[in-house]
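**Student:** give me a 3D structure for the following:
(2 chains)
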Amino acid sequence: MPKPNVQRTSNLLASVTDEMLGGDLAAKLQDKTIRVERLLLELVRPHPVQPRRVLPERIHQAFHQQQLTPTQALRELAQIVQVAARQQSRPFTSVLDLLAQPEDESETIAELSPEETLLRDLVNLAVTIRDDGQVNPLTVVDVSEGVSHLYRIETGERRYWATWLLRDFIPDSNSDGTIPCIVIPAKTASVFRQAKENTSRSGLTAIAMARQAALRLLTVHNYEIPDYAVENDFYRQALTLDLRNKREHTDAILAAMGGIGRMHFSRYKALLQLSTKRWKPQTVITWKKAVLRHVIQLPSEAQSEMIQQIVQFDLTGKQVKEIIEHHSTSDLDDKPDAIDARLVKVMRAIERQTPEVFVQTLIREEKSTHLARARLQNMMTFLKQVGQLLPEENL
Amino acid sequence: MTHVFVFTNHKGGVGKSTSATNIALGLSSVLKSTGAANARVLLIDTDSQAHATLVTTGRKDYGSQDSLYTVLMAERQSAAKVMNDCIVQSQWNPDLYVLPASPMLEGAERELIGAAGAPYRISDPLSKIMSHYAAVVIDTRPSFSLLTEMALIAATDAIIPVEPRYLETVGLLSVITKINDIRDGWRIPDLKVSGIVITKMDSRIKGHTQLLEDLKSHPVLGKLICGVIPANEAVSYAHNNHQSVFSYDPKASASKAYAELVVTLIRRMVQG
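**Tutor:** Predicted structure coming up:
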């Protein structure tokens, strides 16, 4: 059988087009105006390298490695939340139970676990979409190839998961299984649009901001951004990159990160140095911007130490703030020489102290056992370093 | 809105499949050449003879797992995904996609008797994936069966290919009436008879030219004529070789006539 001559076909139809279409019609066909289309949920997927993790890391990875369907991913999340809620004596059967019930008149507001908060927020969004419709469409990039139709989410991953919740977990939702989207052709997709939307929202973790910084750096340095789930080492590649030789992109990157300064950007980037252990979902959920906002103000060499202590002692944002402010105030009050001299005096007086009394004083002064332990750990680290630096013989 | 063109006539051999396949290819090629953001065109073959499927994909052995039959038998909630998964790329053009027919469609109507929402089993799933395509073209079987009704319910523009013969033109009125009945009966306000394509026109035959003149002078039908395709050997030989008429013989008068029809349909798409 002779093969179809596609070129010949194109030539004929192209010539007819030139003759018959006219400029106006051709221009209308190339119309680039934004349109909202309802896409089948199954054809839309979140970007696997998206810095913001809507789902806990383990589920995120399993979902992007095709081990879980969206429904299964949400079911796993619901199961995690059910366990957490049961531990807090708040068992639930339907995800709708996570929302405050109108007849519930108790005045005490229970503090929810991060997982409960995550699912409750998604359910809340789903119910809003059910009742009021989805006002803001997602922006998706058409990355279809051949018969593999796929739209990659650029912005709106939470709305995507909420719509799945609505379809499969919320009774009487009347979801038709589609989601309104603004479809952007792959060639006009913007790597910064997603970053801008992310950073304009509250609740983005510092680790997500660090990933964001990494992605922007990797993009402007022409690294290929994969379309599959990546380990954290992928983001760490950005540690060797900086903005210095990419001046033409600096403003766009900083704007996409929420209008932060270069120093601020570097500090977020420095968080990539943390070991993977520190990137665990629990940690990521817990470390809200409010906590690490204080940390990133520290010089990068002090950040790692501070973060270790946050993880080790489970410090709250308030405690972190107090440590840092106390540290800064002391720095302002005293010259370094004066502090050192005072420390030496303390060391001389140590023989007269008893540990039991000192513990009580320490806790009283720091107002928290966690803080006291963190302070002690700092001191021990400091003394260890002093021991290592102390020469064997008299100078 | 994606335009859905359905080529229908209850008479066989009038050029429904030939017109549907060549128009589908023409639409995608012209859209591509004009730089349209989306040049993808979907051809849905609802005829169990699967001629449109055969010439565009080179196969006609689609069955219960990978054809329109699969979509018709799918659960309502998963039908759109099933439809999407059954669509294949044509051999003619990377932007021309085909939802293949299967000989099993012959029995589908019997199986669907009494099934809930049976007439909507093409339109429902199609409405959820059609934004992926710039246009959809549906080829129908030569009868007003349930499958043809499903195709019309899914369509926006019904185009009637008709040969320039007396009895055919008499039947034309019953086709238009039937389409209007479906539009009113199923409340499909978007569906309209938007064109009549005169096929196999042989200007050497006096009866053909006379009938064409009569049709053109008719106050309603005359306005509906959107293309006249000359009788041409290139058309039948092209299908023998599983090719479009454009590739088989671009200089043939039928190729040019189909190209003109493509342009006419694109104008309608743009003008809404």
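
**Student:** ok, now how distant is the single nearest residue of the stretch 201-350 of chain A relative to chain B from residue A:50?
**Tutor:** Nearest residue of the stretch 201-350 of chain A to chain B, counting by CB to the nearest CB: residue A:227, 18.6 Å away. Any C-beta I mention is one placed from the backbone N, CA and C, and that applies to glycine too. Distance, residue A:227 to residue A:50, by CB to CB, to the nearest Å: 11 Å.

**Student:** cool, and residue A:391?
**Tutor:** Taking CB to CB, one finds residue A:391 at 53 Å from residue A:50.

**Student:** out of these two, which sits in the more crowded spot?
**Tutor:** Shown here are residue A:391 and residue A:50; by other CB atoms under 10 Å in any protein chain shown, residue A:50 has more neighbours (22 against 6).

**Student:** tell me which element that one falls in.
**Tutor:** Residue A:50 belongs to no helix or strand when elements are defined using DSSP states H and E.

**Student:** ok, it to chain B distance?
**Tutor:** Distance check for residue A:50 against chain B: by CB to the nearest CB, to the nearest Å, it reads 23 Å.

**Student:** so that residue touches residue A:156, yeah?
**Tutor:** No: using CB atoms under 8 Å, residue A:50 makes no contact with residue A:156, being 10.7 Å away.

**Student:** wait, what's in contact with the closest residue to chain A within the stretch 51-200 of chain B?
**Tutor:** Among the residues of the stretch 51-200 of chain B, residue B:131 lies nearest to chain A; the distance is 3.9 Å by CB to the nearest CB. By CB atoms under 8 Å, 6 or more residues apart in numbering or on different chains, residue B:131 lies in contact with A:37-39, A:183, B:2.

**Student:** got any ranges where the stretch 101-250 of chain A has weak pLDDT?
**Tutor:** By pLDDT under 70, the low-scoring segments of the stretch 101-250 of chain A are A:101-110, A:190-191, A:193-194, A:197-205.

**Student:** next to chain B, which bits of it? Give me the list.
**Tutor:** Within reach of chain B by CB under 8 Å from any CB of the partner chain, the stretch 101-250 of chain A has these residues: A:144, A:146-147, A:149, A:176-178, A:183, A:185.

**Student:** pick out the most distant pair among the residues you listed.
**Tutor:** Spatially, the most separated pair among these is A:146 and A:176, at 26.4 Å (CB to CB).

**Student:** more neighbours: the two, which one.
**Tutor:** Neighbour tally, residue A:146 and residue A:176, criterion other CB under 10 Å: the higher count belongs to residue A:176, 15 against 9.

**Student:** show me what the closest residue to residue A:146 other than its chain neighbours is bridged to.
**Tutor:** Nearest non-adjacent residue to residue A:146, counting by CB to CB, 6 or more residues apart in numbering or on different chains: residue B:89, 5.4 Å away. When bridges are called by DSSP bridges, residue B:89 pairs up with residue B:97.

**Student:** I'd assumed residue B:97 was in contact with residue B:89.
**Tutor:** Yes: using CB under 8 Å, residue B:89 is in contact with residue B:97, at 5.9 Å.

**Student:** wait, a strand at residue B:159?
**Tutor:** Yes: counting by DSSP: H, G, I helix; E, B strand; the rest coil, residue B:159 is located in a strand.

**Student:** tell me the bridge partners for it.
**Tutor:** residue B:7, residue B:195.

**Student:** wait, it sits on residue B:226?
**Tutor:** Yes: if you go by CB under 8 Å, residue B:159 and residue B:226 touch, sitting 7.2 Å apart.

**Student:** ok, those two, which is more surrounded?
**Tutor:** residue B:159 (26 against 19).

**Student:** so who does that one touch?
**Tutor:** Residue B:159 neighbours (CB under 8 Å, 6+ apart): B:5-8, B:19, B:194-197, B:226.

**Student:** max-length strand in chain A?
**Tutor:** Within chain A, and with DSSP state E defining each element, the longest strand by residue count is strand A:178-185.

**Student:** with only the CA atoms kept, save it in CSV.
**Tutor:** Taking Å, rounded to 0.1, in the frame of the first residue of the first chain, the C-alpha atoms of strand A:178-185 are listed here in CSV:
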residue,chain,number,x,y,z
THR,A,178,-14.5,18.1,34.8
ILE,A,179,-12.7,21.1,36.1
PRO,A,180,-12.6,24.6,34.6
CYS,A,181,-9.1,25.4,33.3
ILE,A,182,-7.3,28.1,31.3
VAL,A,183,-5.3,26.1,28.8
ILE,A,184,-1.8,27.5,28.0
PRO,A,185,0.1,26.0,25.0
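
**Student:** need the contact partners of it.
**Tutor:** Against strand A:178-185 from outside (CB under 8 Å, 6+ apart): A:34-41, A:44, A:134, A:137-142, A:151, A:154, A:156, A:159-160, A:163, A:190, B:37, B:128, B:131.

**Student:** make it 7 Å
**Tutor:** Under the criterion CB atoms under 7 Å, 6 or more residues apart in numbering or on different chains, residues A:34, A:36-41, A:44, A:134, A:137-142, A:151, A:154, A:160, A:163, B:37, B:128 lie in contact with strand A:178-185.

**Student:** for the contacts of residue B:131, give me a markdown table that also has neighbour count, distance to residue A:366 and secondary structure.
**Tutor:** Formatted as a markdown table, the contacts of residue B:131 follow (neighbours: other CB atoms under 10 Å in any protein chain shown; distance: CB to CB, whole Å; DSSP: H, G, I helix; E, B strand; the rest coil):
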| residue | neighbour count | distance to residue A:366 | secondary structure |
| --- | --- | --- | --- |
| A:37 | 18 | 58 | strand |
| A:38 | 18 | 57 | strand |
| A:39 | 24 | 55 | strand |
| A:183 | 20 | 56 | strand |
| B:2 | 20 | 67 | coil |
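
**Student:** now, among the residues you listed, which is nearest to residue B:65?
**Tutor:** For those, the nearest to residue B:65 is residue A:39 (24.5 Å; CB to CB).

**Student:** which residues are in contact with the residue of the stretch 201-350 of chain A closest to chain B?
**Tutor:** The contact partners of residue A:227, taken as CB under 7 Å, 6+ apart, are residue A:48.

**Student:** three-state assignment of it?
**Tutor:** Under three-state DSSP, residue A:227 falls in the coil class.

**Student:** off-centre distance for the helix or strand harbouring residue A:128?
**Tutor:** According to DSSP H and E, residue A:128 maps onto helix A:114-132. Centroid displacement of helix A:114-132 relative to its chain, using CA atoms, centre = their mean, to the nearest Å, is 18 Å.

**Student:** buried stuff in it?
**Tutor:** Buried residues in helix A:114-132, counted by 16 or more other CB atoms under 10 Å in any protein chain shown: A:114-116, A:118-123, A:125-127, A:129-130.

**Student:** direction included, what does the helix or strand just after it pair against?
**Tutor:** The first helix or strand that comes after helix A:114-132 along the chain, using DSSP H and E, is strand A:138-142. The strands that strand A:138-142 pairs with in its sheet are strand A:151-155 (antiparallel), strand A:178-185 (parallel) (by DSSP bridges).

**Student:** okay, those strands in CSV with distance to residue A:344 next?
**Tutor:** Below are the strands paired with strand A:138-142 laid out as CSV (distance: least, CB to CB, whole Å):
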stretch, distance to residue A:344
strand A:151-155, 57
strand A:178-185, 65
